[in-house]
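Participant: I need the structure of the sequence given here:
(2 chains)
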Amino acid sequence: MIVESHTAVLRADEAIQARSDRRWFLSAMLVATVLPAIGLSLQRFLDLASVGQLNNGMAFLATGFHVALTSYFYVDPTLREFRQSHRIRFVAAPIAICLASGAVGYFLSPSLGWLILFFFIWQLYHYQRQNFGVLAFAAAVLGVRRASLLEQSTVEMAGYAGILGYLATGHQFGGTPIGHISAVLMIAAQGTQLAALAIAGYCWWRRVRTEGLSWYSPWHVLCTSFFLATFLQSDPNFAFSTYAFAHGLQYVVFMFVLASSRAQNPRLHGPSALILAILGVFGSLILLLLGDRGLFAFSSDVAFGVYTGLVMTHFVIDASVWRLSEPFQRSYVRDGFPMIWNDNTPRRPAA
Amino acid sequence: MKTLPERRRVQLLSAGVTLVAALVGLGLQRSFPFGTISLSAAQPGIALEGFSGLEPFGRWTDGDVARVRFAQPLPRHFTLRFRGHAYAGNPDKSVDIHVGGVRRASVTLTPFDADYSVDLESAWLANDVEFMIHNAQSPKAIGESADSRRLGVAFSHIEVVP
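Facilitator: So this is what the prediction gives:
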């Protein structure tokens, strides 16, 4: 009897802790998603220089540092067999991508605009793929039905709108015909973004009717508005920074929660969050050196090609490890977020 | 019949909406007013690139390319009218006119103001007109003055007539 009540108290404590962790996680994700737009807007539109340090810090975390965190998947012993069975993705593809993009820089330097164009399309699509993950986590934390086909479509559409809008406003695709058709790209982007928001509004209304009020629909609208800065002002660099920083910070939150949880679980032997941070700092320094075209004046296009290759490697590895539709990856991620996925405490009933 | 995976259905639906949005957007913007391009003040829907600062007559081009970019695709056929003169210091006073990145005409200017009218065909969905200056020179380079701008054409009027 005493043992049973003690166990019940322990379970209640764990449930309270898990609920607190879930709230902390979702709050951190919200801050990561909206803080860049707020910080950058304060600096740009209100000329608040004091937020410059904050923006610089976000820039560091969200650029090379977040890309370098992917190297965690190369050192986590739990993934050894997975890496071996996916050698093409983990070894051959990264080498091939870096060699190919470096070769474009060396042999086809005038065509670098095409590489940059391909890179940016993939990069922005990669950003939006992560938002599908954010929504899946939000649904799990809030205990509501996962995104419907229509809800997923608005997030996908927002991704297309973001890509088209960036291509229309970015001026770094020399040698490609993109600049000459920017008007039609922008018209398509604006129309798609508007349609996505209108459908997201309809999805919200449907959720309220079937499930009542919850915080899920605001999250869905937020993910559908991820690239909105492109359409609200005219500076493509400002717009890009808002969503690039948001993506990077979201990833930092994901990775540090994953690493901390795996390190705390004695069954998993995951590398600690400190090791993750060291990997991030070391990797970001390498990327910073490669990306600095002034340092490699003798072969800046090659170095830049390799830099883009390393970033694309991050896309390739992430697309594999975070593929929650696959049983192994689902189990791996669930182990990394036990307060969300392995917690059976009652939450809102799913519809 | 085998149904498509959910992700493919999402992609197809999204691509379809994107296409419809583009077509509706283009349909709504067909009445965009082409006409005289202001060289003095910012004009909504029109961006000037490769032009120097405003002067009493209009603007000089600065560099190898001067571009007028519109916020909607140009008509398939239109007439480009402009008034201007070439920089006297340039040995080659011809200018290639590109529409949508494709060379459509070549005009040889004089060092004195004159009116020009060129019938042009646009590439599909193109939204820019470029003046490609041959051998743009700066007055500084030829010892004429301290002006380091690479001058090409002094425009006082540009007009797109559909």
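Participant: To what extent is the residue of chain B found nearest chain A buried, counted in neighbours?
Facilitator: Nearest to chain A, among the residues of chain B, is residue B:21, at 2.9 Å (Cβ to the nearest Cβ). Every residue, glycine included, has its C-beta placed from N, CA and C. Look at residue B:21: counted by other Cβ atoms under 10 Å in any protein chain shown, it has 24 neighbours.
Participant: In this structure it contacts residue A:198, no?
Facilitator: No. At 10.4 Å, residue B:21 does not count as touching residue A:198 under the criterion of Cβ atoms under 8 Å.
Participant: Helix or strand next in line after the helix or strand of chain B with the lowest mean pLDDT, which one?
Facilitator: Using mean pLDDT, DSSP states H and E, the weakest-scoring helix or strand in chain B turns out to be strand B:36-37, at a mean of 84. Next helix or strand after strand B:36-37 toward the C-terminus (DSSP states H and E): strand B:46-49.
Participant: Next, count neighbours for the closest residue to chain B within the stretch 201-350 of chain A.
Facilitator: Going by Cβ to the nearest Cβ, chain B is nearest to residue A:325 of the stretch 201-350 of chain A, at 8.3 Å. Using other Cβ under 10 Å, residue A:325 has 9 neighbouring residues.
Participant: Likewise for the one 10 residues further on?
Facilitator: The criterion is other Cβ under 10 Å. On that basis, residue A:335 has 18 neighbouring residues.
Participant: What of the one 4 residues further on?
Facilitator: Burial of residue A:339 is recorded as 21 neighbouring residues (other Cβ under 10 Å).
Participant: my guess is it contacts residue A:18, does it?
Facilitator: Yes. Counting by Cβ under 8 Å, residue A:18 is a contact partner of residue A:339 at 4.3 Å.
Participant: Quick one: name the residues of chain B near chain A.
Facilitator: Contacts of chain B with chain A, taken as Cβ under 8 Å from any Cβ of the partner chain, map to B:6, B:9-11, B:13-15, B:17-22, B:24-26, B:29, B:69-73, B:100-101, B:123, B:125-128.
Participant: So which of the residues you listed sit within helices?
Facilitator: B:6, B:9-11, B:13-15, B:17-22, B:24-26 (DSSP state H).
Participant: Give me the buried stretch members for whichever helix or strand residue A:104 is part of, please.
Facilitator: Per DSSP H and E, residue A:104 falls inside helix A:93-107. In terms of neighbour count (16 or more other Cβ atoms under 10 Å in any protein chain shown), helix A:93-107 has its buried residues at A:93-94, A:97-98, A:101-102, A:104-105.
Participant: just stretch A:257-273 next, same as before
Facilitator: A:257-263, A:270-271, A:273.
Participant: can you list the residues that contact it?
Facilitator: A:25, A:28, A:72, A:75-78, A:256, A:275-276, A:333, A:335-339 (Cβ atoms under 8 Å, 6 or more residues apart in numbering or on different chains).
Participant: run the last query once more with 6 Å
Facilitator: A:75-78, A:256, A:276, A:336, A:338 (Cβ atoms under 6 Å, 6 or more residues apart in numbering or on different chains).
Participant: what's the spacing between residue A:224 and residue A:194?
Facilitator: Separation of residue A:224 from residue A:194 (Cβ to Cβ, to the nearest Å) stands at 11 Å.
Participant: Same drill for those two, tell me which one is more crowded.
Facilitator: Between residue A:224 and residue A:194, residue A:224 has the larger neighbour count (other Cβ under 10 Å), namely 29 against 16.
Participant: Having no further points to raise, I will conclude here.
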